[in-house]
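>>> Predicted structure and sequence below. I'll ask about it afterward.
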Amino acid sequence: MYIAPSVNALLAERQLQLMDSTNSQSVEVLTRREKQILGMIAGGMTNKNIALDLQISIHTVENHRANLSEKLGSKNVASLVQYAIQKGLI
């Protein structure tokens, strides 16, 4: 399904607003490792690359990603990346 970039940007902004309204202090609830992994995700790294770089298992990275999504109310990687940018984590 094709979504025009302008529509996609509006949807992403709405998702960020929802994330902020439900988790106004969400950055504080993230662990140091979750913030680190969020920055790596936002930098375009794959789970495998993150695991190799941090010397942890891929399963551990997947758990951190799941925790990030739950804590931030995010349903996709794009909204995680936009959140990281908005909050200055990258």
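Arrived safely.
>>> Please, which helix or strand holds residue 60?
Counting by DSSP states H and E, the element that carries residue 60 is helix 58-72.
>>> which of the residues in the helix or strand following that helix are buried?
Once helix 58-72 ends, the next helix or strand along the chain (criterion: DSSP H and E) is helix 77-86. Of the residues in helix 77-86, 79-84 count as buried by neighbour count, 16 or more other CB atoms under 10 Å. Every C-beta, even on glycine, is put in place using the N, C-alpha and C of the backbone.
>>> Mind putting those into CSV with distance to residue 70?
Shown next, in CSV, are the buried residues of helix 77-86 (distance: CB to CB, whole Å):
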residue, distance to residue 70
79, 13
80, 11
81, 17
82, 17
83, 13
84, 16
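>>> Rounded mean pLDDT for the helix holding residue 60, please.
The pLDDT scores in helix 58-72 average 94.
>>> Any idea how far that helix is from the middle of the chain?
Remark: helix 58-72 is offset 9 Å from the chain centroid, using CA atoms, centre = their mean, to the nearest Å.
>>> Would you mind putting the CA coordinates of that helix into PDB?
In PDB, the C-alpha atoms belonging to helix 58-72 read as follows (Å, rounded to 0.1, in the frame of the first residue of the first chain):
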ATOM      1  CA  ILE A  58      19.900 -11.100  19.200                       C
ATOM      2  CA  HIS A  59      17.100 -12.400  21.500                       C
ATOM      3  CA  THR A  60      18.100  -9.800  24.100                       C
ATOM      4  CA  VAL A  61      18.000  -7.000  21.500                       C
ATOM      5  CA  GLU A  62      14.500  -8.200  20.400                       C
ATOM      6  CA  ASN A  63      13.400  -8.100  24.100                       C
ATOM      7  CA  HIS A  64      14.700  -4.500  24.400                       C
ATOM      8  CA  ARG A  65      12.900  -3.500  21.200                       C
ATOM      9  CA  ALA A  66       9.700  -5.000  22.500                       C
ATOM     10  CA  ASN A  67      10.100  -3.200  25.800                       C
ATOM     11  CA  LEU A  68      10.700   0.100  23.900                       C
ATOM     12  CA  SER A  69       7.600  -0.400  21.800                       C
ATOM     13  CA  GLU A  70       5.500  -1.100  24.900                       C
ATOM     14  CA  LYS A  71       6.800   1.700  27.100                       C
ATOM     15  CA  LEU A  72       6.500   4.300  24.300                       C
END
